[in-house]
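Asks: Sequence and predicted model, in that order:
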Amino acid sequence: MHSQHRLMLERAQSYQLSRPMIPSRVPSPTSLPVDERTGTIAFAFDIDGVLVRSKDPLPGATEAISMLQKLGVPFIFLTNGGGKTEEDHVTLLAKRLELELSAEQFVQAHTPFRDLIPQLQHKNVLVLGGTYDSMRLVAEDYGFKHVYTTSDIYRSFPNIYPFDELTSEYHKSAGREVELDSAGMLQISAILIWSSPRDWGTDLQFMLDLLLSHQGFVNTISSLNGNKSLPNNGYGQDGQPSIYWCNPDLTWATSHPLPRVAQGSFRAALQGIWLSQTGLDHIPNETTVGKPTKATYLYGEKTLVAYNNKVNDEDTPQIEIVYMVGDNPASDIQGANSFVSPRGFEWKSILVESGVHVAGTSPAHSPTHIVADVLEAVNLAIAEWTTGNCQNSLSKSSTLVDLTELTIKEEELEK
């Protein structure tokens, strides 16, 4: 038996001796005995509403992650958050949880933007989100060479947005003078939204301008717009910049008692304006990554495999089941439920009630399990694996009843 299996089995058996599970609520074991398995389980954790709320760790978060580290169970952080480099973000999370973590475990909403470098590295790109130079610095760290912000555009074209009484001084201080071509023009090849935009009015106005422009040149308008002989009535048919979103979430959990609007809501606002301006219900040439998209789960699985191979020994157990632990049914649960692993991994979803999802309500996408918090999620998954129940998940109703019987405390790991 692999040492990781032995540790997990010993912990589960020790716990079950002290608090045995109710037999009628435990599914039938698989035909393969636990001690003959060659694989392992793994975890992908959302962060906001699962491990932290605003700047504070949620109850059980440190204990859950510490438990997996002690047991040698591989895990990554798969978040629709962003706005920092992976190194900076994992440093911040490690400080809040008071644990040692690695940037190699971190997949942010915009991490897949790294795959755009070959085609956009030397093109002019507009980045949205964050404050001052924060998104520019992240984009440059990824490898983009010509990065502009809305503040840059405002500083060079100060009449671009008329309702600037509250933001003009900020943009003047945050922006840089743009480099114009020999004809006095600036061309934007792509728009990348890295986190929730701050100045919606200015950002929406300038994005609309670019979507209606001639080949992405600032302060131009395409002569093809409204041409009914062309696809989409000519809109988006004149070399306008592509848009790359990285977070479809409409809302997210903060220290405020109610969910707050996020990048997905900004996108909905742009879509509403686009519909009213063009009559089209979709924006051409846009791509979305971030949960629940397939692209992000592919990237996350690749990261999880690489990390598992790095931290475990030469006879590393291969991953068989991945538990996605999240608080948002529309991103975490939907993504895990719909993802088909090219490696043959089974993805399961665990919805926690510590974030966006409100306890007692029916989620739009049904998870494998619903639990109170991340510690219960981890203990439930380990109990399933070590008792051989992974092929037949506990029902939602059974999960809600038995969670208090499945909590392995951090102090028990020290024994």
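Replies: Arrived safely.

Asks: Need the phi and psi values for residue 78.
Replies: phi -120, psi 100 (degrees, to the nearest 10).

Asks: Mind pulling up the pLDDT for it?
Replies: The model reports residue 78 with a pLDDT of 96.

Asks: Okay, now the unreliable bits of the stretch 301-415 of the chain?
Replies: Low-confidence segments of the stretch 301-415 of the chain (pLDDT under 70): 313-314, 389-415.

Asks: Let me see the ranges of the strands in it.
Replies: 318-326, 346-352, 369-371 (DSSP state E, counting those that start in this stretch).

Asks: so which of the ones you listed gets nearest residue 167?
Replies: strand 318-326 (33.8 Å; C-beta to C-beta). C-beta here means a position set from N, CA and C on the backbone, and glycine is covered the same way.

Asks: Dump the strands of the stretch 301-415 of the chain to a markdown table, plus distance to residue 358 and mean neighbour count.
Replies: A markdown table is the format used below for the strands of the stretch 301-415 of the chain (distance: least, C-beta to C-beta, whole Å; neighbours: other C-beta atoms under 10 Å):
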| stretch | distance to residue 358 | mean neighbour count |
| --- | --- | --- |
| strand 318-326 | 14 | 24 |
| strand 346-352 | 11 | 24 |
| strand 369-371 | 11 | 24 |
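
Asks: would you turn those strands into a markdown table with distance to residue 125?
Replies: Listed next are these as a markdown table, based on distance: least, C-beta to C-beta, whole Å:
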| stretch | distance to residue 125 |
| --- | --- |
| strand 318-326 | 30 |
| strand 346-352 | 32 |
| strand 369-371 | 41 |
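
Asks: how near is the residue most central in space within the chain to residue 64?
Replies: Geometric centre of the chain, nearest residue: residue 80, 2.4 Å, by C-alpha atoms, centre = their mean. Using C-beta to C-beta, to the nearest Å, residue 80 is found at 20 Å from residue 64.

Asks: for residue 122, same thing?
Replies: On the measure of C-beta to C-beta, residue 122 and residue 64 end up 43 Å apart.

Asks: between those two, which one's more packed in?
Replies: residue 64 (27 against 10; other C-beta atoms under 10 Å).

Asks: In three-state terms, how would the more buried one be classified?
Replies: On the three-state scheme (DSSP: H, G, I helix; E, B strand; the rest coil), residue 64 is labelled helix.

Asks: give me phi/psi at residue 230?
Replies: Torsion angles, degrees, to the nearest 10, at residue 230: phi -110, psi 160.

Asks: Give me the pLDDT for the residue lying closest to it once chain neighbours are set aside.
Replies: Closest residue to residue 230 apart from its sequence neighbours, by C-beta to C-beta, 6 or more residues apart in numbering: residue 237 at 5.2 Å. Residue 237 carries a pLDDT score of 96 in this model.

Asks: let's number from 29 now, not from 1
Replies: Okay, using 29 as the starting number, the last item reads as residue 265.

Asks: Residue 119 - how many residues pack around it?
Replies: 14.

Asks: Other residues contacting the longest helix along the chain?
Replies: Longest among the helix segments of the chain by residue count, using DSSP state H, is helix 322-339. With contact meaning C-beta atoms under 8 Å, 6 or more residues apart in numbering, helix 322-339 is reached by 68, 70, 72, 100, 102-104, 106, 130, 132-133, 135, 137, 139-140, 317-319, 344, 347, 350, 363-364, 366-367, 369-371, 373, 375.

Asks: For PyMOL, write a command that selects the buried ones of these.
Replies: In PyMOL syntax, the buried subset of the contacts of helix 322-339 is picked out as below (16 or more other C-beta atoms under 10 Å):
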select buried, resi 68+70+72+100+102+103+104+106+133+135+137+139+140+317+318+319+344+347+350+363+364+367+373+375
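
Asks: what ranges do the helices span in the protein?
Replies: Listed in chain order, the helices of the chain (DSSP H) span 31-46, 89-99, 114-125, 145-148, 162-170, 178-184, 196-202, 228-239, 291-306, 322-339, 362-366, 402-414, 424-430, 438-441.

Asks: Can you tell me which of those helices is packed in deepest?
Replies: helix 402-414 (a mean of 25; mean count of other C-beta atoms under 10 Å).

Asks: Could you export that one as CSV, keeping only the C-alpha atoms?
Replies: Listed next in CSV are the C-alpha coordinates belonging to helix 402-414 (Å, rounded to 0.1, in the frame of the first residue of the first chain):
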residue,chain,number,x,y,z
VAL,A,402,-14.5,23.5,3.5
LEU,A,403,-13.4,21.3,6.4
GLU,A,404,-16.5,19.2,6.1
ALA,A,405,-16.0,19.0,2.4
VAL,A,406,-12.5,17.6,2.8
ASN,A,407,-13.5,15.2,5.5
LEU,A,408,-16.4,13.9,3.5
ALA,A,409,-14.2,13.3,0.4
ILE,A,410,-11.6,11.5,2.4
ALA,A,411,-14.3,9.4,4.1
GLU,A,412,-15.7,8.4,0.7
TRP,A,413,-12.3,7.5,-0.6
THR,A,414,-11.0,5.5,2.4
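
Asks: Now do the contacts for the closest residue to residue 279 other than its chain neighbours.
Replies: In this structure, residue 279 finds its nearest non-sequential neighbour in residue 287, 3.6 Å apart by C-beta to C-beta, 6+ apart. Neighbour list for residue 287: 279, 280, 281, 384 [criterion: C-beta under 8 Å, 6+ apart].

Asks: Looking at the strands of the stretch 329-443 of the chain, spot the one closest to residue 409.
Replies: Nearest to residue 409 among the strands of the stretch 329-443 of the chain is strand 346-354; the distance by C-beta to C-beta comes to 4.6 Å.

Asks: What residue, apart from its backbone neighbours, is nearest residue 291 spatially?
Replies: residue 275 is the one closest to residue 291 (C-beta to C-beta, 6+ apart), at 4.0 Å.

Asks: Relative to residue 167, which of the strands of the stretch 329-443 of the chain is closest?
Replies: Between the strands of the stretch 329-443 of the chain, strand 346-354 lies closest to residue 167; by C-beta to C-beta that is 26.6 Å.

Asks: And that closest one, what does it pack against?
Replies: Applying 3 or more C-beta pairs under 8 Å, 6 or more residues apart in numbering; DSSP states H and E, one finds that strand 346-354 contacts strand 67-73, helix 322-339, helix 362-366, strand 374-380, helix 402-414.

Asks: 10 Å instead?
Replies: strand 67-73, strand 103-106, helix 322-339, helix 362-366, strand 374-380, strand 397-399, helix 402-414 (3 or more C-beta pairs under 10 Å, 6 or more residues apart in numbering; DSSP states H and E).
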